[in-house]
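Q: Next come a sequence and a model predicted from it.
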Amino acid sequence: MNYYSLNKQAPNSSFKDAVVKGIAPDKGLYFPEQITPLPKAFFDNIDHLTHTEIAFEAIKQFVSPEIPDAVLKTIVEETLSFEFPVVNLNENISTLELFHGPTMAFKDVGARFMARCLGYFNKNNNREVTVLVATSGDTGGAVANGFLGVKGVNVVILYPSGKVSDIQEMQLTTLGQNIKALEVNGTFDDCQDMVKTAFLDEELTSQMQLTSANSINVARWLPQLFYFMFAYKQLHKKHKNIVFSVPSGNFGNICAGMMAQKLGLPINHFVASNNANNVVTRYLISQLYEPKPSIQTISNAMDVGAPSNFIRIQEIYKNNFESLKENLTSYSYSDEETKAAMLEMYTNYNYVADPHGAVGYLGCKDYLKNNPSAHCVFLETAHPTKFLDVVEDVIKEKQPLPEQIQAVMGKDKVSVVISTYNELKSFLLK
Ligand SMILES: Cc1ncc(COP(=O)(O)O)c(C=O)c1O
Ligand SMILES: N[C@@H](CCOP(=O)(O)O)C(=O)O
């Protein structure tokens, strides 16, 4: 599959080049040249397929022929070595739990898939690759875990100082080896801007091979479309009108869901559920896209003021506002509303949700008010113990720590504090 730059000022790239470069030379995000829907029979028979079979069929067209089928099967199988259960809360609301991987957030799938693709492309290459990643909390940990010890790959993670949870910080600062953490005096958007600037800096790119492991990178972004298919497999016999509420920040996950829909998955509607960082909620009301500096919230991984993937969403809908509005609703919630939703789920359904999932739950509830026949699935994007202080404070109950979390507790944090792009550049050139 070839990919074009959404800035339309760069030559098209193969899958391999798009993965290795991360972002196009004109700073545009890559987008596949074609999206060919899967046959209807695939969806009719989906309950007879394993997760690996579903994922292989769904992703094949985007990576062929550069990754041969046999290699792709292994990559997909290794990537998906954990569960993706749907938990039913009531007649109209379910949640798809995406936190059963090694770092307990939905980023594990994309990070593991991309690490394996890069490993395959790099196996006969002696040039080292530096993976730059900006994180508001979860991407950093998932990428650190996914790339730990991968030969020829150095990972540099930028995170906003004081704006990630304690456990998220431990996950991205304690692994050592080929993983380095930079603590940035600023917001997630500042981190993301520094990463994008580095890709355009010829002095840097002439000396080192840089790539991105944010959802900018197609190998990190596209595998997220699997989730929507896994939920459909578990729900489609019982529910015909399935809607997804996606807690959104950089909008990669919901945009991957829209790609699943383009492949033919019968999804009726999407709800983009936001915290106070509500640039897309406002856009759907005013038709004005006005990125703003991000605001700190308890659902910190969604504290994004300028979502990278909005441009891909525009592309999927051919920049047609009306057709986007037909398929997408968006709501925004305060921290107080989020906490109340966490308590409500615990009290009514004995379900402990994290703050991001709680924002998704609120999106379902609001959508169902006008669409009572729908079945709304909110994505539970991280395990509640990643946000231990908030969760225990809201539900007034101690939470047992899963072994993935225990594994990083008590380890020494190693990070370098930076404030400017020049400090990043000096660090990379050292
Ligand atoms: C727990 C959690 N929920 C939701 C999001 C938002 O996802 P996206 O950036 O794909 O919109 C993130 C970060 O990406 C996250 O870590
Ligand atoms: N919420 C993310 C922010 C980056 O999103 P990405 O999908 O573009 O990597 C995080 O947790 O770091």
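A: Happy to help now that I have it. Owing to the predicted nature of the structure, the values given are computational and were not obtained by experimental measurement. Ligands and ions are numbered 1, 2, ... in the order given.
Q: Please make it C-alpha for all contacts and neighbour counts, starting now.
A: OK.
Q: before we move on, what SS does residue 4 have?
A: Here residue 4 is recorded as strand under DSSP: H, G, I helix; E, B strand; the rest coil.
Q: same thing with the one 3 residues further on?
A: When the structure is split into helix, strand and coil by three-state DSSP, residue 7 lands in coil.
Q: now it: how far from ligand 2?
A: Between residue 7 and ligand 2 the computed distance is 18 Å (Cα to the nearest ligand atom, to the nearest Å).
Q: Residue 250 too?
A: To ligand 2, residue 250 is 5 Å away according to Cα to the nearest ligand atom.
Q: Residue 301 is in contact with that residue, correct?
A: No: the criterion here is Cα atoms under 8 Å, and residue 250 misses it with residue 301 at 9.1 Å.
Q: neighbour-wise, which of those two wins?
A: Shown here are residue 250 and residue 301; by other Cα atoms under 10 Å, residue 301 has more neighbours (26 against 23).
Q: So the more buried one sits against residue 164, correct?
A: Yes: Residue 301 is within contact range of residue 164, at 7.5 Å (criterion: Cα under 8 Å).
Q: residues shared between the contacts of these two?
A: 136-137 (Cα atoms under 8 Å, 6 or more residues apart in numbering).
Q: quick one: the strands in the stretch 301-430 of the chain?
A: For the stretch 301-430 of the chain, the strands defined by DSSP state E, counting those that start in this stretch occupy 328-332, 375-380, 416-418.
Q: Figure out which of those strands is closest to residue 140.
A: strand 416-418 (14.8 Å; Cα to Cα).
Q: got a list of contacts for that closest one?
A: 181-185, 424.
Q: What residues of that strand count as buried?
A: 417-418 (16 or more other Cα atoms under 10 Å).
Q: how far out from the middle of the chain is it?
A: With Cα atoms, centre = their mean, to the nearest Å as the basis, strand 416-418 stands 25 Å off its chain's centre.
Q: do stretch 259-268 as well
A: A distance of 18 Å separates the centroid of the chain from that of stretch 259-268, by Cα atoms, centre = their mean.
Q: just to revisit the earlier point, among the contacts of strand 416-418, name the ones in strands.
A: Here DSSP state E is the test, and those give 181-184 as lying in strands.
Q: what pLDDT does residue 127 get?
A: Residue 127 is assigned 84 on the pLDDT scale.
Q: Could you report the neighbour count for it?
A: So residue 127, with other Cα under 10 Å, has 11 neighbours.
Q: Return the residues in contact with it.
A: 152, 209.
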